[in-house]
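>>> Please work out how this folds:
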Amino acid sequence: MKRLVALWLAGTLTAATLPERIERAIEASPAARSAFWGIQVVDLETGKTLYQRNPESFFVPASNTKLFTTAMALSRLGPDYTFLTRVMADAVPDADGRIAGDLRLVGGGDPNLSARAIPYRTGPTVGDPLAAIAELADQVAAHGVKRVAGSIVGDDMWYVWQPYATGWGIEDPKSDDGPPVSALTVNDNTIALSVHAGASVGDLALLTLNPALEYYSIANRVRTGVVGSERRVWFDRLPDSLDARLWGTLPMGDQVQTLLLGIEDPARYAAIALRGALEDHGIVVEGDVAVLHMFPDDLPGGLHSSPPASERSGVELARRVSAPLIEDLRITDKVSQNLHAEMALRAVGKARRNVGSFEAGLGELQSFLGEAGIGADAYSFHDGSGLARLNLVTPAAVVKLLRYMYRSPLRESWISLLPVGGLDGTLATRFAKGTAASGKVHAKTGSLSHVSALSGYIERPRRRWLAFSILVNNYNAPAAEVRTVMDQICDFMVE
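Here you go, the predicted model:
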């Protein structure tokens, strides 16, 4: 009898339609049932909507915002677009190898002056985070430079100095979530601060930095606790300040705790790094470090567009050409890299409207989305990454974007940017091997407090593809409970 009941239940579930299965899954979870869900699922071959729930309602999309930014950057700039970082002087070194004035490190928007592996691969980032700066210093030394009479200047004027977006939380810039946006970016504009327990109970914790450059003045009040005591370490820094505080307790014998700190002024930090690399070559720098920013009120034509700017004069002593843009967009979407998404938005503004500003990038995004059939009344974006809590979009708008890119000549490149369920990126630990959707979900995640999102494509049997958007807001439970239901829905779509 039990076997007959089991077979009947299995047959009932199999016979249930996709909408019925989705509704049952949501209703079966208290966390999901009380949340606000927006879903749309469309068959890309027939154009038929297979299921939808609140498709025209507005949701905070979190990092699903990156779908819009990266699609626009890929389409507007092309997969082979590159960025240029240079070291410039006013004149060549004299017979004694002396540069009479300043040496400028000129950022061109390269997001990957870091140790990150390119092309993207899973696993931790290893290597020297300042290797790109060392490479530039090698080239300067190869030009016979022995002394710099002036300063080392970090120049990030390629983009307007708009380090933070409207709608970011005050905590975001302190960490790797929302470091300042700059055209001169080193190591994702972050410093890894590792906290080690001391040798005896009551000892101050030991601190190490990677890169090993002193930048912040850190008041360390972390004490070493007894074995098994609670592990609690806090970091705080006021905006626009290089003074930071670290306090708490780290038990003896406990594992090292590493915090990723946002860099307050990336151009200054890059200049400090270059100065150190030059000194490693025996090059004497007589001056200090300085920065050059392009402030919003420095643009007489405004932040939305401008005539092409004239090239500044000078002698190039070093250059570094980035990897093709598609490699960075793949990193941006796979690991959900906020800073890189913001830089991509500004890169399009600079290339298309001659202004590397948020406004120019947003204007180009609005134009691009109009071409995709997405009206301005279907979204409200305040940044390019999704970190802003003010962003709004409808599930229907997300699916329109996905359908547009699926039909574009860049389809294969575009889909290659997205995390794959059970395999890589932010979906590496979801859709485990053996589940229906493992390896079949190509989608972008999104997460903020009380927000979870997953939008992309489902690969069904016989190469039948679906586009889908699942946006969930206003839940008051562990995010894992909501994600479990989202993943069940993906399994249903595959079957």
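>>> which ones are touching residue 460?
With contacts defined as Cβ atoms under 8 Å, 6 or more residues apart in numbering, the neighbours of residue 460 are 440, 466, 493, 494. (Glycine included, C-beta is placed from N, CA and C.)
>>> Next step: those restricted to strands.
Residues from the contacts of residue 460 lying in strands, with DSSP state E as the criterion: residue 466.
>>> Just the buried residues out of the contacts of residue 460, in ChimeraX syntax.
Typed into ChimeraX, the next command selects the buried ones out of these (criterion: 16 or more other Cβ atoms under 10 Å):
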select :440,466,493,494
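>>> Format the contacts of residue 460 as TSV; extra columns: pLDDT and distance to residue 259.
Converted to TSV, the contacts of residue 460 look like this (pLDDT from 0 to 100; distance: Cβ to Cβ, whole Å):
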residue	pLDDT	distance to residue 259
440	96	36
466	98	40
493	96	39
494	94	39
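>>> and the two most separated of the contacts of residue 460?
By the measure Cβ to Cβ, 440 and 466 form the most distant pair in those, at 10.0 Å.
>>> show me where the protein has helices.
In chain order, the chain shows helices spanning 2-15, 18-28, 30-33, 65-77, 131-142, 266-280, 325-335, 338-353, 358-371, 395-407, 411-416, 479-494, with DSSP state H as the criterion.
>>> Of those helices, which shows the lowest average pLDDT?
Looking at these, the lowest mean pLDDT belongs to helix 2-15 (a mean of 42).
>>> dump the residue contacts of the spatially closest residue to residue 96 that is not a sequence neighbour.
Leaving aside its sequence neighbours, residue 96 sits nearest to residue 146 (Cβ to Cβ, 6 or more residues apart in numbering; 6.6 Å). Under the criterion of Cβ under 8 Å, 6+ apart, the contact list for residue 146 reads 93, 96, 97, 98, 282, 283, 284.
>>> Now flag whichever of the residues you listed is closest to residue 16.
Distance ranking of the contacts of residue 146 against residue 16, using Cβ to Cβ, places residue 283 first at 71.8 Å.
>>> In contact with that closest one, which residues?
In this structure, residue 283 makes contact with 137, 140, 141, 145, 146, 147, 148, judged by Cβ under 8 Å, 6+ apart.
>>> which of the residues you listed count as buried?
In terms of neighbour count (16+ other Cβ under 10 Å), the buried residues within those are 137, 140, 141, 145, 147, 148.
>>> Now for the first one: which residues touch it?
Residue 137 makes contact with 274, 277, 278, 280, 281, 283, 318, according to Cβ under 8 Å, 6+ apart.
>>> what about the fifth one, how many neighbours?
Same thing as residue 281. 14 (other Cβ atoms under 10 Å).
>>> pretty sure it contacts residue 141?
Yes: applying Cβ atoms under 8 Å as the test, residue 281 and residue 141 come out as touching, 4.3 Å apart.
>>> Could you name every residue contacting both of residue 440 and residue 466?
For the pair residue 440 and residue 466, residues contacting each of them under the criterion Cβ under 8 Å, 6+ apart are 458, 460.
>>> if we can go back for a sec, rebuild the contacts of residue 460 as CSV, extending it with distance to residue 72.
Rendered in CSV, the data for the contacts of residue 460 read as follows (distance: Cβ to Cβ, whole Å):
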residue, distance to residue 72
440, 26
466, 23
493, 26
494, 29
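>>> And the contacts of residue 460, which is closest to residue 131?
residue 440 (37.3 Å).
>>> my guess is the closest one meets residue 456, correct?
No: because the distance of 10.7 Å does not satisfy Cβ under 8 Å, residue 440 is recorded as not touching residue 456.
>>> from what I can see residue 487 touches residue 429, true?
No: the pair formed by residue 487 and residue 429 falls short of the contact definition of Cβ under 8 Å, at 10.9 Å.
>>> In space, what's closest to residue 411 - neighbours in sequence excluded?
With Cβ to Cβ, 6+ apart as the measure, residue 405 is the residue that lies nearest to residue 411, at 6.8 Å, once sequence neighbours are left out.
>>> Neighbours of that neighbour, how many?
Neighbour count of residue 405, defined by other Cβ under 10 Å: 22.
>>> do the same with residue 407
Residue 407 is flanked by 11 other residues according to other Cβ under 10 Å.
>>> where do the strands sit along the stretch 151-300 of the chain?
Assignment of strands within the stretch 151-300 of the chain using DSSP state E, counting those that start in this stretch yields the ranges 152-160, 190-196, 206-210, 217-225, 232-237, 243-251, 257-262, 284-285, 289-294.
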